[in-house]
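*Asks:* The sequence and its predicted three-dimensional model are supplied below.
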Amino acid sequence: MGAGARGHRPAPPPHPRRRRRHASLAVRTGDDRWYVVNATPDIGDQIEGRPELHPGPGPRQTPVAGVVLTDAELDHTLGIARLREADRLEVIATAPVREALLDRLHLGEVLAPYTSLTLRELPRRGAEPLDRGTSGLQISGIPVSGKRPRYAADAPDDDAWVVALRLYDPGSGATALYAPALAAWPDRLQQAAAEADCVIVDGTFWDNEEPRRTGISDRTATGMGHLPIEGPDGTAERLAPLPARCLYTHLNNTNPLVDPAAPQHKRLARLGIEVAHDGMVIEL
């Protein structure tokens, strides 16, 4: 699905053809069974762009079995309402995120007349099957920060407001790590990254001063809750030594990486790091 992001009120990109949809994944758990990781405002276009996600053949039938959330930000949750035409919908998230959906966004009340909504807890310790009905694919959440969305700024502290997702296939032994929002890089994330076969992480800003330099904010990248790619606190130097295939996602429009010809791509290529693109398919 989408491998990019729009947000943080940037100026329109100079070339509309470079537009990237909001960051999301579609994870296959079995024949005609998929889970979407983060339901973005682009979810309609993202589903239409992948035939394997198209609804049918029966009425109100869809291969999208549910949604997994890494956080409660609006750009990762607004698309849930677009899935209301399904007969039933499962949302998997940590406790603070679930409470935000129900108590702040009132999604339970909003969706009740349309579909049967089930909220399930994302395990923070250990792992459990992502799709309890058909697959052995295991999922767990690794807490990475207590950054709350603005609409829940007064909610209780919890380090699981933002998590990285660890997906493990016991059949093949392959592991993928997905962290589209990173305000910090705790030791537990480093351990998970070192054990993964594929690591996809937050590439919102190239450097820490980018938001201030481009005029979209008076805060730095880290002040906005995103570790930059480049610099002393950047993620590139953390990813480069890993044996895994490493990719960036969730690029802001101000990030030079949105231009395929930008020299920053060569810098990442020398480190063995890629930039994910819309519609990218990764098989492990």
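*Replies:* Alright, I've got the coordinates.

*Asks:* now the helices: where do they sit in this structure?
*Replies:* 43-48, 74-77, 95-99, 107-111, 187-195, 210-214, 236-239, 264-271 (DSSP state H).

*Asks:* Which strands and helices lie in contact with the fifth one?
*Replies:* It stands for helix 187-195. strand 138-145, strand 162-168, strand 175-179, helix 236-239 (3 or more Cβ pairs under 8 Å, 6 or more residues apart in numbering; DSSP states H and E). For the C-beta atoms, the positions are set from N, CA and C on the backbone; glycine is no exception.

*Asks:* The first one: partners in the sheet, and parallel or antiparallel?
*Replies:* Strand 138-145 has the following sheet partners, assigned by DSSP bridges: strand 128-129 (antiparallel), strand 162-168 (antiparallel).

*Asks:* weakest of those in terms of mean pLDDT?
*Replies:* Among the strands paired with strand 138-145, strand 128-129 has the lowest mean pLDDT, at a mean of 92.

*Asks:* Other residues contacting that one?
*Replies:* Residues from elsewhere that reach strand 128-129, judged by Cβ atoms under 8 Å, 6 or more residues apart in numbering: 135-140.

*Asks:* Check these and tell me the two furthest apart.
*Replies:* Greatest spatial distance in those: 135 and 140, 14.9 Å, computed using Cβ to Cβ.

*Asks:* Could you check the pLDDT of residue 133?
*Replies:* Note for residue 133: predicted pLDDT of 68.

*Asks:* start at 35 instead
*Replies:* Got it, the first residue is 35 from now on, which makes the last one we talked about residue 167.

*Asks:* hmm, back to that, so which of the strands paired with strand 172-179 is the most packed in?
*Replies:* Mean neighbour counts were compared across these using mean count of other Cβ atoms under 10 Å; the top stretch is strand 196-202, at a mean of 26.

*Asks:* Stretch 215-222: which residues count as buried?
*Replies:* 215-219 (16 or more other Cβ atoms under 10 Å).

*Asks:* can the helices and strands packed on helix 221-229 go into TSV with extra columns for distance to residue 260?
*Replies:* Shown next, in TSV, are the helices and strands packed on helix 221-229 (distance: least, Cβ to Cβ, whole Å):
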stretch	distance to residue 260
strand 172-179	10
strand 196-202	11
strand 209-213	11
helix 270-273	14
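
*Asks:* Mean neighbour count, the helices of the chain: which tops it?
*Replies:* Most buried among the helices of the chain, counting by mean count of other Cβ under 10 Å: helix 108-111, with a mean of 22.

*Asks:* Can you pull out the residues in contact with that helix?
*Replies:* 39-41, 56, 72-75, 103-104, 135, 139, 141, 183, 185, 214.

*Asks:* let's go with 7 Å and repeat that
*Replies:* Contacts of helix 108-111 with the rest of the structure, by Cβ atoms under 7 Å, 6 or more residues apart in numbering, involve 39, 41, 56, 72-75, 103-104, 135, 139, 183.

*Asks:* Listing request: residues of the stretch 135-284 of the chain with sub-threshold pLDDT.
*Replies:* 167-169 (pLDDT under 70).

*Asks:* Name the residue closest to the centre of this protein, please.
*Replies:* The residue lying closest to the centre of the chain (Cα atoms, centre = their mean) is residue 214, at 4.3 Å.

*Asks:* Distance-wise, check it relative to residue 237.
*Replies:* 9 Å (Cβ to Cβ, to the nearest Å).

*Asks:* Tell me the residues that contact both of those two, please.
*Replies:* By Cβ under 7 Å, 6+ apart, the residues touching both residue 214 and residue 237 are 283-284.

*Asks:* So which bits of stretch 245-262 are buried?
*Replies:* 245, 248, 250-251, 254-256, 258-262.

*Asks:* what's the closest of the residues you listed to residue 226?
*Replies:* residue 261 (15.7 Å).

*Asks:* Now that closest one: closest residue in space, sequence neighbours ignored.
*Replies:* Nearest residue to residue 261 in three dimensions, chain neighbours excluded: residue 216, at 4.8 Å (Cβ to Cβ, 6 or more residues apart in numbering).

*Asks:* need the contact list for the one you found.
*Replies:* Shown in contact with residue 216 (Cβ under 7 Å, 6+ apart): 178, 235-236, 260-261, 269.

*Asks:* what are the ranges of the strands in the stretch 35-184 of the chain?
*Replies:* 59-64, 67-71, 98-102, 122-127, 150-155, 162-163, 172-179 (DSSP state E, counting those that start in this stretch).

*Asks:* now the second one against strand 209-213, angle please.
*Replies:* Which is strand 67-71. On the basis of axes from the mean of the first three to the mean of the last three Cα atoms, to 10 degrees, strand 67-71 is oriented at 40 degrees to strand 209-213.
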